[in-house]
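Q: This is a predicted model, with the sequence first.
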Amino acid sequence: MAKISKKRKESLAKHDLTEVRSLLEAAKVVKDITYTKFDASVDIDVRLGVDPRKADQMVRGVATLPHGTGKTVRVLALVTPDKEAEALAAGADFVGLDDYISKIEKGWTDIDVIITMPAVMAKVGRLGRVLGPRGLMPNPKSGTVTTDVAKAVQEVKAGKIDFKVDKTGIIHCSVGKVSFDEKMLAENALEIIQTLGRLKPSSSKGTYIKSITLSSTMSPAVPVDSQVNSAN
């Protein structure tokens, strides 16, 4: 078991980690109790009152974080030759089609997001067995299959993320880095929560947002008020 440093013990002792807080207060606590030599990610976990086994309660969506994720997102644009220049100009890291499809079929997945266009989905579709388990398969619902490839690339680079409820009913995604100030983290987290509110399935009964926590890569979870409606 990893040894807890004196500083971390002191910071943990300062905070009651069972106390439910506002987003801003929770972000402050997460920053205070995180002691890593690297710039740790800050994540939000939202437990939803849905049954993901039912198709009409599968919550999936996209959100553009106002302050981005703090991560360098590697984007592959699988496009026809006439779209290559605009994809590159928009910031795509890799651009092409047949050569990259061949690489992926051989196991290459050194990317974070793939953006493609409807016209080539017949070719891209056969990559499902490789990309699906890794969460990399382009999908029209997440905006990664589109005729406006340049716009999609720019949005992803600017902080657009997609999320999907897992089989236990939890949404998990990054809202930034520990180096962000607490206001930035709170505003990013609020964007996720408000987006989830708009995606509530009509068939979901009872409490929709059951619990919310913020945590960093190496910190305990800090509970957030599930009725939160502001970043303060």
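A: Perfect, I can see it now.

Q: rest of the way, CA atoms for contacts and neighbours
A: Fine.

Q: Can you find the helix or strand in the protein with the smallest mean pLDDT?
A: helix 6-14 (a mean of 70; mean pLDDT, DSSP states H and E).

Q: what number of residues lie near Lys200?
A: 19 (other Cα atoms under 10 Å).

Q: Double-check that it belongs to a strand.
A: No - residue state for Lys200 (DSSP: H, G, I helix; E, B strand; the rest coil) corresponds to coil; a strand is not indicated.

Q: Packing partners of whichever helix or strand comes after the least confident helix or strand of the chain?
A: Next helix or strand after helix 6-14 toward the C-terminus (DSSP states H and E): helix 23-33. Packing partners of helix 23-33 (3 or more Cα pairs under 8 Å, 6 or more residues apart in numbering; DSSP states H and E): helix 6-14, helix 182-198, strand 209-216, strand 222-224.

Q: Point out the one among the ones you listed that comes closest to Ala119.
A: Of all the helices and strands packed on helix 23-33, it is helix 182-198 that lies closest to Ala119, at 29.6 Å by Cα to Cα.

Q: and for that closest one, what are the contacting residues?
A: 23-25, 27-28, 31, 42, 44, 59, 61-68, 175-177, 229-232 (Cα atoms under 8 Å, 6 or more residues apart in numbering).

Q: From those residues, list the buried ones, please.
A: 23-25, 27-28, 31, 42, 44, 59, 61-68, 175-177, 231 (16 or more other Cα atoms under 10 Å).

Q: These in helices, which ones?
A: Leu23, Leu24, Glu25, Ala27, Lys28, Lys31 (DSSP state H).

Q: Dump the residues you listed to a markdown table, plus pLDDT and distance to Ser102.
A: Output for these, formatted as a markdown table (pLDDT from 0 to 100; distance: Cα to Cα, whole Å):
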| residue | pLDDT | distance to Ser102 |
| --- | --- | --- |
| Leu23 | 95 | 45 |
| Leu24 | 96 | 46 |
| Glu25 | 96 | 49 |
| Ala27 | 96 | 43 |
| Lys28 | 95 | 46 |
| Lys31 | 93 | 43 |
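
Q: I figured Ala63 hits Ala158, correct?
A: No - in this structure, Ala63 is not within contact of Ala158 by Cα atoms under 8 Å, at 10.9 Å.
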